[in-house]
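Visitor: The amino acid sequence is not available; the structure is as follows:
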């Protein structure tokens, strides 16, 4: 096949692909606030959550961020969020992962406080998107009943508000109620070759 | 078991977990610019890439962004990046996905131009992180030889520069040379129930 034939065949193939895609996309007409879950053992769960936060901020939308368990390694995001002033409301409840506090009662109280803050941000309807960062961890340890969270999302979340929930081990009940679920799978991790967490990457 | 016993047992378990974790982390002492790949069919590949971009910007680091194939749906990110002024250099080469241009020769030329821009940003050493958004797509269609990209990353990337490469179908040669690879797997997608792409979420 000559280069010219290859180009012609490619154009034809892409034309068909575009027609098929356009046809599919024409059926996608519903706009609604989504329940989005990022789970899995790989990297990128919170990072993609924050990516959506910045994307929304770029549009000039108000955004809420609630951090359920991370306490420390978020200086990069914090400073970046500060650039957007009043558009962002951040609630930072966790005091670090649970193996650092070693105090179950305090963790449960912190989880409850964070969840109340998240509900408030969501029901206000003022925010285009509310990120519940690491909520899955709290649910996994049963610091909050998953039934309560699911019930709230089903019945009290305003129709137009997007809610993004991150963390490993998302519960089945949450996946069931979610619109968009992505599992981040670890294929290769630099810790294995002795590389430490680095700024701009992990925090 | 009483609530008190439960709490005590938890504290003990977490203390051990923390000790184990601290021991592991103490062995992670290497700092180096990573080659990071986000691939898979799920959402969040570019979004997590942009999350790292904003994280780096939050630290005050300079960042480079090269978009290889997306042309349109990035208004949110564009406006958000603008907030960081001179810290960000954006090169937008693609004119949309290939099924929209339908012109193989033009796509190959655009891919080449984008790659030259990416190399320039990387070798300058001025940028903490360079995001090569959707480079995998270009490699997959053989618009750029993967050997050339791998060879460059191995021999010319400055030691301290992080390079993030996104897109489906990452080639094995690239995964081989990468330090951190995450596969975003689609568990549930709202298109299936007729929901259209929405601002702040998809773009």
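Guide: Received it, and whenever you're ready, just let me know what you need. Owing to the predicted nature of the structure, the values given are computational and were not obtained by experimental measurement.
Visitor: Scan chain A for its longest helix.
Guide: Scanning chain A for the helix with the most residues, using DSSP state H, yields helix A:3-26.
Visitor: So which elements touch that helix?
Guide: Here helix A:3-26 touches helix B:98-101, helix B:104-123, going by 3 or more C-beta pairs under 8 Å, 6 or more residues apart in numbering or on different chains; DSSP states H and E. (C-beta placed from N, C-alpha, C; glycine too.)
Visitor: and whichever helix or strand comes after it, which strands flank it?
Guide: Heading C-terminal from helix A:3-26, the first helix or strand you meet, by DSSP states H and E, is strand A:35-39. If you go by DSSP bridges, strand A:35-39 pairs up with strand A:162-166 (parallel), strand A:180-188 (parallel).
Visitor: By mean pLDDT, show me the worst of these.
Guide: Note on those: strand A:180-188 shows the lowest mean pLDDT, a mean of 92.
Visitor: Could you look over the strands paired with strand A:35-39 and pick the most buried one?
Guide: Mean neighbour count, computed with mean count of other C-beta atoms under 10 Å in any protein chain shown, is highest for strand A:162-166 among these, reaching a mean of 27.
Visitor: moving C-terminal of that one, what's the next helix or strand?
Guide: Reading on from strand A:162-166 to the C-terminus, the next helix or strand found by DSSP H and E is helix A:172-177.
Visitor: Could I get the buried residue list for that next one?
Guide: A:174, A:177 (16 or more other C-beta atoms under 10 Å in any protein chain shown).
Visitor: Show me what it is in contact with.
Guide: A:35, A:37, A:39, A:136, A:139, A:146-147, A:149-150, A:153-154, A:165, A:181, B:187-188 (C-beta atoms under 8 Å, 6 or more residues apart in numbering or on different chains).
Visitor: For the helices and strands packed on helix A:3-26, which has the smallest mean pLDDT value?
Guide: helix B:98-101 (a mean of 65).
Visitor: Which residues are in contact with the residue most central in space within chain A?
Guide: Most central in chain A under C-alpha atoms, centre = their mean is residue A:49, positioned 3.3 Å from the mean C-alpha point. Going by C-beta under 8 Å, 6+ apart, residue A:49 touches A:38, A:131, A:133, A:164, A:166, B:51.
Visitor: again, 10 Å this time
Guide: A:36-38, A:65, A:77, A:129, A:131-134, A:164-167, B:44, B:47-48, B:51 (C-beta atoms under 10 Å, 6 or more residues apart in numbering or on different chains).
Visitor: what about chain A, any weak spots by pLDDT?
Guide: A:70-73, A:94-101, A:191-193 (pLDDT under 70).
Visitor: Run the angle between the longest helix of chain A and helix B:104-123 for me.
Guide: 80 degrees (axes from the mean of the first three to the mean of the last three C-alpha atoms, to 10 degrees).
Visitor: Not counting residues beside it along the chain, what's closest to residue A:188?
Guide: Using C-beta to C-beta, 6 or more residues apart in numbering or on different chains and skipping the chain neighbours, the partner closest in space to residue A:188 is residue B:181 (4.0 Å).
Visitor: Would you mind giving the helices and strands packed on helix A:3-26 as JSON lines with mean neighbour count and distance to residue A:123 added?
Guide: Formatted as JSON lines, the helices and strands packed on helix A:3-26 follow (neighbours: other C-beta atoms under 10 Å in any protein chain shown; distance: least, C-beta to C-beta, whole Å):
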{"stretch": "helix B:98-101", "mean neighbour count": "19", "distance to residue A:123": "40"}
{"stretch": "helix B:104-123", "mean neighbour count": "19", "distance to residue A:123": "44"}
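Visitor: how many neighbours does the closest residue to residue A:190 other than its chain neighbours have?
Guide: Closest residue to residue A:190 apart from its sequence neighbours, by C-beta to C-beta, 6+ apart: residue B:179 at 4.3 Å. Residues lying near residue B:179 (other C-beta atoms under 10 Å in any protein chain shown) number 20.
Visitor: Repeat that for residue A:41.
Guide: The burial count for residue A:41: 13, using other C-beta under 10 Å.
Visitor: From residue B:182, how far out is the residue lying closest to it once chain neighbours are set aside?
Guide: Spatial nearest neighbour of residue A:41, excluding adjacent residues (C-beta to C-beta, 6+ apart): residue A:186 at 5.0 Å. Computed as C-beta to C-beta, to the nearest Å, the residue A:186 to residue B:182 distance reads 6 Å.
Visitor: Between those two, which contacts overlap?
Guide: A:40-44.
Visitor: now, which of those residues sits nearest residue A:13?
Guide: Closest to residue A:13 out of the shared contacts of residue A:186 and residue B:182 is residue A:44 (31.7 Å), distances taken as C-beta to C-beta.
Visitor: Appreciated, that's everything.
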